[in-house]
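**Q** Structure for the following, please:
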Amino acid sequence: MGLFSRFERVTYPPDDTPPGTPREVREALLALNGPDAPWIVRDGGPDCADLVADWRLTDPAWRGYFARVRDDSVLQTRMRLMPDERQVRSLDYQRQLGNTRGQIRTWGRGQFRWTTFDLSMERGPDGKRRVKKTTLTDTAELKNPLRDAVLAMGWSWRARLSRL
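**A** The predicted model follows:
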């Protein structure tokens, strides 16, 4: 048990869910890929993880969805399967490049939750002006389906803070 392990969030599956094999869990996570999803789940070999879920930030079809996110941002969730514990550990990475030479401006890892939104003025049914908030992106739209797929397979989901 590490120093910060008490701050990690562990979500357990329902008691009546039979645990799946590591291969079934991997296939369930890869099955989340699709043309209508703003992310892609891929093999995480080069990133020192079993699976990696990347946001489609640079894909032209999804550019309007990520309107407030910079082109040079990298947002990903890395996952490691722990078959002995029947657990998937997740860790988020975020990078933004600063200048044209490619030097990193900001970098972070841990558990990120952020939302970008737009504000607009409109008139309500009573004729008064009010502010309307339109949510554009939310990191929970990526992490919740990943977590739900793991829980449906009878494994637990551990949100790590430092290392997989």
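**Q** For Met79, give me phi and psi.
**A** Phi and psi for Met79, reported as degrees, to the nearest 10, are phi -130, psi 140.
**Q** Would you agree it is in contact with Tyr93?
**A** No: the pair Met79 / Tyr93 is not scored as a contact, 11.6 Å apart, by Cβ atoms under 8 Å. From N, CA and C alone the C-beta is placed, and that goes for glycine too.
**Q** buried ones in the helix ranked longest in the chain?
**A** What stands out as the longest helix in the chain, according to DSSP state H, is helix 140-152. Using 16 or more other Cβ atoms under 10 Å as the test for burial, helix 140-152 gives 142-143, 145-147, 149-151.
**Q** Of those, which is the nearest to Ala31?
**A** The shortest approach to Ala31 among the buried residues of helix 140-152 belongs to Ala149, at 7.6 Å (Cβ to Cβ).
**Q** got a list of what the nearest residue to that closest one once chain neighbours are set aside touches?
**A** Excluding its sequence neighbours, the residue lying closest to Ala149 (Cβ to Cβ, 6 or more residues apart in numbering) is Ala28, at 4.7 Å. Counting by Cβ atoms under 8 Å, 6 or more residues apart in numbering, Ala28 touches 20, 149-150, 152-153.
**Q** let's see 7 Å
**A** If you count contacts by Cβ atoms under 7 Å, 6 or more residues apart in numbering, Ala28 has them with 149, 152-153.
**Q** re earlier: please identify which of Met79 and Tyr93 sits among more neighbours.
**A** Set Met79 next to Tyr93 and count neighbours by other Cβ atoms under 10 Å: Met79 wins out with 25 against 18.
**Q** What does the pLDDT read for that one?
**A** For Met79, the pLDDT comes out at 92.
**Q** Quick check: it vs Lys133, distance?
**A** Distance of Met79 to Lys133, given as Cβ to Cβ, to the nearest Å: 31 Å.
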